[in-house]
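Chemist: Can you look at this prediction? I've put the sequence above it.
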Amino acid sequence: MPEKVDLAKSIRSIPDFPKPGILFRDITTLIKDKKAFKESVELIAQKFAQEKIDYVVGVEARGFIFGGALATRLNLGFIPVRKKGKLPAKTKGITYNLEYGTDTLEIHQDALNPGDKVLIIDDLLATGGTVRAVADLVEAQGAKVVGLAFVIELVDLKGREKLKNYPIVSLVHFEGE
């Protein structure tokens, strides 16, 4: 059996990015490491292997990296959720609050059908606002969110509180930093 990878050690921490006082968790070092990247996708796939899922929905942009790989691993289709104006066909959107302002995410209007079962993935769970908006967008199309997956969770930011109605899998937990 292959040796387990310490995923936390494969994530680079960059102080004061993008602004002073923020400790940025950089997944580019994890995805560069083929063993860490493969293990992160495999661990999430194992957690949801018994669920009946129709699609993986990935959040722009880093959620695309893990979402595409996860969809391939689970033999599912992949649906991107993008920032406003980036998808070419007719879309449905949702505007949500950020720490300073608002943002809008969109999904193709024909991406999901009522009753479709969806796994949402992003690289990081912080405050939970972005993925909460994506879950609302998915559910507005009549689809069901069967789970949320993250590589990293910043525990102190309490994102789970906004997402408490969903099963959540996160692989690496950072707190108190």
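Modeler: Sure thing, it's come through.

Chemist: so who does the residue nearest in space to the middle of the chain touch?
Modeler: The C-alpha lying nearest the average C-alpha coordinate of the chain belongs to D122 (Cα atoms, centre = their mean; 1.3 Å). Listed by Cβ atoms under 8 Å, 6 or more residues apart in numbering, the contact partners of D122 are G58, V59, R62, G63, F66, T130, V131, V134, A149, F150. In this view, the C-beta of every residue, glycine as well, is placed from N, C-alpha and C.

Chemist: Can you list which of those are found in helices?
Modeler: Using DSSP state H, the members of those that fall in helices are R62, G63, F66, T130, V131, V134.

Chemist: Just give me the closest of the residues you listed to L171.
Modeler: Taking Cβ to Cβ as the measure, L171 sits nearest to F66 out of the ones in helices among the contacts of D122, at 10.1 Å.

Chemist: So which elements touch the lengthiest helix in the chain?
Modeler: Counting residues, the longest helix in the chain under DSSP H turns out to be helix 34-48. Applying 3 or more Cβ pairs under 8 Å, 6 or more residues apart in numbering; DSSP states H and E, one finds that helix 34-48 makes contact with helix 28-32, helix 62-74, strand 144-154, strand 168-174.

Chemist: The one helix or strand V81 maps to: which residues count as buried?
Modeler: Using DSSP states H and E, the element containing V81 is strand 77-83. Judged by neighbour count using 16 or more other Cβ atoms under 10 Å, the buried positions of strand 77-83 are F78, I79, P80, V81, R82.
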